[in-house]
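**Student:** after the sequence you'll find the predicted model.
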Amino acid sequence: MTVPSSSSAPHPLAPVSLTPPPRRSGKRTRRVRGIIFLKDVAVLALTAFGGPQAHLAMFFRLLVDKRRYISAAELLELQALCALLPGPTSTQTITVIGFRLGGPNLAYLTLLVWITPAVAMMTLAGLTLSHLDPARVAALVQFVQPMAVGFVAFSAYRIAEKVIRTKTAVGLMVASAMLAYFFQLPWMLPLLLLAGGAVTTVRYRRHVIIQEKTPLRIEWANFVLWLGILVGAAVLGHYTHLQPVRLFENFYRNGSLVFGGGQVLAPLLYAEFVEFKHYLTGPEFLSGLGLVQAMPGPNFSFAAYIGALAMRPAGGTGMQVVGALVGTVGIFLPGTLLIFFVIRFWDRLRQYRVVQASLEGINAVSAGLVCAATFLLYHPLPYRLLALPFHLGPIDTLPLNPLLVGTTFLLLLWEKVPGVAIVVAALLAGVLLG
């Protein structure tokens, strides 16, 4: 008598499952999630006005609160890590979020989607400089700037609510906000982040020991590539005297050495391209600087504008477009290579208790820096009054900017109005009243 094995055919009357076996559902889910993430990045690239702090506020609202790609603490941690490195902080932050979600391929696509709208608009500005009126552009975006301050204020509120847990964190937040407000120096930001991490590091014994820590292995490829391009571009530009090569070296060097974002980059570029090399005039530089403040996306897209104008002696629109592309690659590439170098061993590094303890202080300082940014961004706004359609005793006007900041903050707190709708409404108001 033969006993049938478990691999024998099923009984003819046995029920048959009509559900097909799953086929790579995990990969398909990741692909769909990556596409949705890139759509969100495109929305941010077209609506994130106001510089790195305002960008962080919109990242927080869309990527954390709405989509939950990462947690609030993770976003602050990544933003602080990027702030410790040279380069465009908001660009590095959103690129590394893409790296976390889908690896290098999604990170590269994230970078391209994030910078393309701003770079295209600033390239167009460089090509049509004589036809642009910066005063009219400023009038069109006059309501966007106070709206961006409202986003930053809301971000400061939400961040403090989520990461401030101890009295030490409160003290670090207040101290860093005051120091960042009164001492607006390029090296102040990384110094405060390092100091905040050092303060809480002394309490590392309170953190849980991870028994199975992954060995710390550093992949040096991106660092060597960054350094090799820096040296190679300098040598090649010196011996060839080709304008595109020298232009690339200029932007790559500045992108490798600047801390603190676009507001720190501007005086460096002015000294090099206006005062030293005379690629463009002072009024042309200031016109472009005003325009980039009115554009969504990264302020480092200013390099595309300068690159387009710097290639005017070569003649032709095509060479100006080449200059814009050279400027864009030169200014964004070093920060991208450096963050790819660090992020590959960051998750292993943060397993150590000393690093875990330092993140408490770094997050608290980050919250303080966002609080300081709220006031720093508000001060340059012009003083404007809103005439009331009725008389309220002796009051017939109200200050407009505080009203716009407060309204934006309350709408975001209400959580019923999308951030994109607020930005579009501000732009439409500028069109109608500009």
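**Tutor:** Yes, it's here.
**Student:** number of nearby residues for Pro313?
**Tutor:** Neighbourhood size, Pro313 [other C-beta atoms under 10 Å]: 8. All C-beta spots, glycine's among them, are computed from the backbone N, C-alpha and C.
**Student:** can you pull the contacts of it?
**Tutor:** Neighbour list for Pro313: Gln243 [criterion: C-beta atoms under 8 Å, 6 or more residues apart in numbering].
**Student:** let me know the pLDDT of it.
**Tutor:** Note for Pro313: predicted pLDDT of 84.
**Student:** nearest residue to the residue most central in space within the chain other than its sequence neighbours?
**Tutor:** Among the residues of the chain, the one closest to the centroid is Ser90, at 1.4 Å (C-alpha atoms, centre = their mean). Leaving aside its chain neighbours, Ser90 sits nearest to His55 (3.9 Å; criterion: C-beta to C-beta, 6 or more residues apart in numbering).
**Student:** rewinding a little: just checking, the residue nearest to the centre of the chain touches Pro52?
**Tutor:** Yes: using C-beta atoms under 8 Å, Ser90 makes contact with Pro52 at a distance of 4.4 Å.
**Student:** quick one: mean pLDDT for whichever helix or strand Arg348 is part of?
**Tutor:** Secondary structure from DSSP states H and E places Arg348 in helix 317-349. The predicted model assigns helix 317-349 a mean pLDDT of 91.
**Student:** let's have the chain start at 875 instead
**Tutor:** With 875 as the first residue, the last one maps to helix 1191-1223.
**Student:** from the contact counts, what lies against it?
**Tutor:** On a contact count with 3 or more C-beta pairs under 8 Å, 6 or more residues apart in numbering; DSSP states H and E, helix 1191-1223 meets helix 946-957, helix 963-1001, helix 1095-1114, helix 1117-1131, helix 1176-1184.
**Student:** need the winner for burial among those helices.
**Tutor:** Stretch with highest mean neighbour count among these: helix 1176-1184 (a mean of 29; mean count of other C-beta atoms under 10 Å).
**Student:** state the distance from Ala1027 to Lys940.
**Tutor:** From Ala1027 across to Lys940, the span is 19 Å (C-beta to C-beta, to the nearest Å).
**Student:** who has more neighbours out of the two?
**Tutor:** With neighbours defined as other C-beta under 10 Å, Ala1027 and Lys940 compare such that Ala1027 has more, 23 against 13.
**Student:** now that one: which helix or strand?
**Tutor:** Secondary structure assigned from DSSP H and E places Ala1027 in helix 1018-1037.
**Student:** on that earlier part again, ok, now which ones touch the residue nearest to Ser964?
**Tutor:** Leu918, Ala922, Ser964, Thr967, Ile968, Pro1172.
**Student:** stretch 1179-1195: end-to-end distance?
**Tutor:** Using C-alpha to C-alpha, to the nearest Å, one end of stretch 1179-1195 lies 10 Å from the other.
**Student:** before we move on, what about stretch 1000-1017?
**Tutor:** Using C-alpha to C-alpha, one end of stretch 1000-1017 lies 24 Å from the other.
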